[in-house]
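Colleague: predicted model and sequence below, questions to follow.
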Amino acid sequence: MTTERTSGRRKQAFAAAAAVAALLTTAACGGGSDDDGGKGSSTGAAGFDAANNKVAQASLAKKGGTLKFGAAQDADSWDTTRGYYGMMWNFARYYSRQLVTNKTEPGAAGAEITPDLATATAKVTDDGKTYTYTLRDGVTWEDGKPITSQDVKYGIERVWAQDVLAGGPTYLKDVLDPKGAYKGPYKDTSKDKLGLKAIETPDAKTIVFKLPQANSDFEEMLALVSASPVRQDMDTKSKYGLKPFSSGPYKFESYAPGKDLTLVRNDKWAQASDPIRKAYPDKITIQFFSDANQLDQRLLNGDLDLDLNQTGMSPQGRTTALKEHKGNLDNPVSGYVRYAVFPQSVAPFDNIECRKAVIYGADHVSLQTARGGPVAGGDIGTNMLPPSVPGAEGQKYDPYEISGANKGGNEAKAKEALKACGQPNGFKTTIAVRNNKPVEVATAQSLQASLKKVGITAEIDQYDGSQTAGIIGSPSNVKKKGYGIIIMGWGPDFPSVQGFGLPLWSSKYIAESGNNNYALIKDKAIDGLFDSYVTTLDDAGKTKISTEINHKVMEGAYYLPFVFERFINWRSDNLANVYTTDGYSGQYDFVNLGLKNPKK
Amino acid sequence: MTAPLHEPTAEAAPSAADEAAVATASAKAVQGRSLGRIAWERLKRDKLALTGGIVVLFLVLVALFAPVITSLLGQDPNEYHENLIDPLFGTPTGSLGGISGDHLLGVEPVNGRDILARILYGARISLLVGFLSAVVAVILGTVLGILAGFFGGWVDSLISRIMDGLLAFPQLLFIIALVSVMPNHMLGLTGSSVRVFLMIVVIGFFGWPYIGRVVRGQTLSLREREYVEAARSLGAGRLYILFKELLPNLVAPIVVYTTMMIPTNILTEAALSFLGVGVKPPTASWGQMLSSAIDYYESDPMFMVVPGVAIFITVLAFNLFGDGVRDALDPKASR
């Protein structure tokens, strides 16, 4: 009996204690989430825009775990020589090192150059025509052999082999060998295949670049992944992109194009030899999706950490994310300018006044809405230099008052321009737009609608978006089809007026196929400014020239800018040390991402 | 080559036979009811078919008067109303896709175009392509079907093999390929009219074997009937037999297949527009509306529902009506 009574009392006491404990826990929960409200969401996400141009949750990054990327688009190639997608350059830093690279810092500082394989940035001599680097000690390949200056030279020489390794940027080839004297390492007759005269390797640690003409952006070009070392005995030529030989902290474990990719730690890489890479996770995976909506869904569920493509979420996922998970989003400026361009070969766009008529007639707010609005689309573009490029003035330079008085389209001014152009009743033209970009089709329709009000009848031609080079990149085809307005976008290869504007605005870059100077600009003043830009070595002078080039382009009314593009990018609750960088057009800097909970 | 030889008799004989036929027909009409009248009375009793018919009629009227209706409503299918769009999400403000007194079915995301006006204008494209491509298919199918069935032999073999070939042809892929290589200007047409013309011709061209096979089969059995034998023995020419003896008896299956073919063609048009090879923007079309609605199926489901329902109702109405017509014309046919 006694036992029963005691046990009864004990039960009561236990119940009471449990109740109190329960109350306390709930109170604690409530308090906890209140505190989080200020800094971020209760899920641990850093908060809206917390990683935009600043570092979010750097201290929470732990070693280990699997960093999971998802992507709707595979890289053009993972071969360091052949990749041209910004996200590929960003990702390639996991498995490749360069003499110099972008700083691993947020925002504008991320676009500055810092030594990587080299001990210091270049020793520039001979009026900017000689660049000398010394390699660091202890830098190795994934098999433990040291990386030599010859490996660097061979990697760069591969850029010359455009017949086998097409696709990547060719700046190095254009600057080091403008006449095209060298035929590339695969046709090299010298025994060591290092026949390129412009690069000298006096010993395994020293590499000297001898430029025929100075180029003030040369070091920016060396910071591109196309300047990565490649070891001759590991060069599988056109198949190299399937399994590049690693010089970085991670190496390829498996890659099935369009399906998945796995990187694992390269245990031969030594932290001490690398001043910039933190190498937090043990493993990095990419899963490819054929459908962007499906990818967004997996991101929202928390199955994946971030989007490899870094081109913003699709409208569907974006809406859900903005409504329910705002703390997981960043809204960086992408470095892209989205615009319409007027080929001068197509009448009446040979007349500047007719070009102005379109600029004045367009409803710029409507175009911005079509791009996705101020948040997902970006600020109204007022000139052609993206804000991340030195010398850019953003919306402060607005010669056509695109974001000011003429925001909603200025019918009167457009008609005036039409009269000056000799087309007082308007004219007919065709807008060319890629058929695989719904947002661009939407902007084309918006432009069509607002131009109709001023008497310009535009027909929309949606061409195969995968055939850009042969369709709008061919001036003769553009003329034949009568594409008076072409809708496009452009981002800088490296943040300078040369890395952005040279292919677009220089008369030397007009090509019969793969042309990017769609407007066919042949302006001696602009060409002259580019020439003086490459020989100007001080930053202030470079900035000034950049601004001038931008002004000259805008004064010619060749372009109607839509937006300085912004993205809505997702970062999972588990990501730490996240920041966007101008070095990769507002993308997250992949190479130093870490996980808060490696076991997740 | 035989025709000139027979011509005199062929022309002489018909007049006698014709008069006789007319006489018997008019005698019958006095006593009983014509085939058409019987069919019409059967159709009137079929409530479902009648409803379908009324809806079809309504759709045709709406499509014809789309500009009048939209201007009465004070809307334009291509006018932007971006003030009705939430700039953050790109979707219409207000509930149910921005339905309001001004915009009875709401507005499109991103640009705020009036959905009702676009649905009305879209009906024009759907019905135009649906009807005219059916007409193309019926003309080709009837003529070639009769020829195959009536003449038999190598003519039949040739036409039948062509039909087999066309039926096996991947028409959707062909149309997509064709549209992308066609110039923007042809036969004095530009822009959307080129695409509409192409769709009519191509859908019609790929549709004729369906009717052609039925007509051929029907002709094969009819040409052995006694009245045809009789006409032949009286010296009737081939053309006379074809057009006076056979064709009238083929009207029922042709009408039935036409009504059944129109909704299929409307769906094909929607599919083509959905795939981006239909009419060009800004011309409204249901399929193209559906395709742009995909990106908003969660955030603005109304945008997908409206054109979806429009296609559904149209196709259903045509099918019900078509079924009714078949039952009325050929009560023996099993369902």
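Modeller: Yep, that arrived. Residues are numbered from 1 along each chain as shown, chains lettered A, B, ... in the order given.

Colleague: show me where the stretch 1-150 of chain A has its strands.
Modeller: For the stretch 1-150 of chain A, the strands defined by DSSP state E, counting those that start in this stretch occupy A:66-71, A:100-102, A:113-115, A:123-125, A:130-134.

Colleague: of all these, which one is nearest B:S291?
Modeller: Between B:S291 and those, the tightest spacing by CB to CB is seen for strand A:66-71, at 23.8 Å. Quick note: C-beta positions are derived from backbone N, CA and C, even for glycine.

Colleague: any idea which of the strands of the stretch 1-150 of chain A gets closest to A:W570?
Modeller: Here strand A:66-71 is closest among these (CB to CB), at 9.4 Å.

Colleague: quick check, central residue of chain B?
Modeller: B:I262 (2.7 Å; CA atoms, centre = their mean).

Colleague: surely that one touches B:G130?
Modeller: Yes - using CB atoms under 8 Å, B:I262 makes contact with B:G130 at a distance of 4.6 Å.

Colleague: what does stretch A:320-332 contact?
Modeller: Contacts with stretch A:320-332, where a contact means CB atoms under 8 Å, 6 or more residues apart in numbering or on different chains, come from A:40-41, A:43, A:45-53, A:296, A:300, A:313, A:375, A:566-573, A:578, A:580, A:586-588, B:88-89, B:298-299.

Colleague: and that stretch, how far out from the chain middle?
Modeller: 20 Å (CA atoms, centre = their mean, to the nearest Å).

Colleague: picking up where we left off before, need the contact list for the residue nearest to the centre of chain B.
Modeller: B:G130, B:F131, B:A134, B:F318, B:G322 are the contacts of B:I262 under CB under 8 Å, 6+ apart.

Colleague: which SS class is the second one?
Modeller: Read that as B:F131. Following DSSP: H, G, I helix; E, B strand; the rest coil, B:F131 is assigned to helix.

Colleague: what does the fourth one give?
Modeller: Counting by three-state DSSP, the backbone at B:F318 sits in helix.

Colleague: dihedrals phi and psi, the closest residue in space to it that isn't next to it in sequence?
Modeller: Using CB to CB, 6 or more residues apart in numbering or on different chains and skipping the chain neighbours, the partner closest in space to B:F318 is B:P263 (3.9 Å). Main-chain torsions, B:P263, degrees, to the nearest 10: phi -60, psi -40.

Colleague: closest point of the stretch 201-335 of chain B to chain A, which residue?
Modeller: For the stretch 201-335 of chain B, the residue closest to chain A is B:S299, as judged by CB to the nearest CB, at 4.1 Å.

Colleague: around that residue, count how many other residues there are.
Modeller: B:S299 is flanked by 22 other residues according to other CB atoms under 10 Å in any protein chain shown.

Colleague: secondary structure element holding it?
Modeller: Under DSSP states H and E, no helix or strand contains B:S299.

Colleague: who are the contact partners of residue 249?
Modeller: Just going to use chain A. Neighbour list for A:P249: A:Y94, A:R265, A:N266, A:W269, A:D274, A:R277, A:A279 [criterion: CB under 8 Å, 6+ apart].

Colleague: the intended chain is chain B.
Modeller: B:Q218, B:L222.

Colleague: what pLDDT does the model give it?
Modeller: With respect to pLDDT, B:N249 scores 84.

Colleague: that one is in what secondary structure piece?
Modeller: B:N249 is part of helix B:247-274 when elements are defined by DSSP H and E.

Colleague: next SSE downstream of that helix?
Modeller: helix B:286-293.

Colleague: now do that next one: distance to the chain's middle.
Modeller: 21 Å.

Colleague: any idea of the angle it forms with helix B:247-274?
Modeller: Interaxial angle, helix B:286-293 versus helix B:247-274 (axes from the mean of the first three to the mean of the last three CA atoms, to 10 degrees): 20 degrees.

Colleague: I'd like to know which elements helix B:286-293 is packed against.
Modeller: helix B:115-151, helix B:247-274, helix B:301-329 (3 or more CB pairs under 8 Å, 6 or more residues apart in numbering or on different chains; DSSP states H and E).

Colleague: change it to 6 Å
Modeller: Using 3 or more CB pairs under 6 Å, 6 or more residues apart in numbering or on different chains; DSSP states H and E, the elements in contact with helix B:286-293 are helix B:247-274, helix B:301-329.

Colleague: so which bits of the shortest one are buried?
Modeller: Same thing as helix B:247-274. For helix B:247-274, a neighbour-count test (16 or more other CB atoms under 10 Å in any protein chain shown) marks B:247, B:249-250, B:252-274 as buried.

Colleague: okay, now the closest residue to chain A within the stretch 101-250 of chain B: neighbour count?
Modeller: Nearest residue of the stretch 101-250 of chain B to chain A, counting by CB to the nearest CB: B:G191, 5.0 Å away. Neighbourhood size, B:G191 [other CB under 10 Å]: 18.

Colleague: could you look up the SS state of the nearest residue to it once chain neighbours are set aside?
Modeller: Leaving out its chain neighbours, the residue that sits closest to B:G191 by CB to CB, 6+ apart is A:E459, at 5.0 Å. When classified by three-state DSSP, A:E459 comes out as strand.

Colleague: check what pLDDT A:E459 gets.
Modeller: 90.

Colleague: same thing with A:A16?
Modeller: Taking A:A16 on its own, its pLDDT is 45.

Colleague: and the one 5 residues further on, by the same measure?
Modeller: The per-residue pLDDT reported for A:A21 equals 45.

Colleague: swap in the one 4 residues further on?
Modeller: A:T25 is assigned a predicted lDDT (pLDDT) of 40.

Colleague: residue contacts, A:K356?
Modeller: Remark: with contacts taken as CB atoms under 6 Å, 6 or more residues apart in numbering or on different chains, A:K356 is in contact with A:A417, A:A557.

Colleague: element containing it, please.
Modeller: helix A:352-361.
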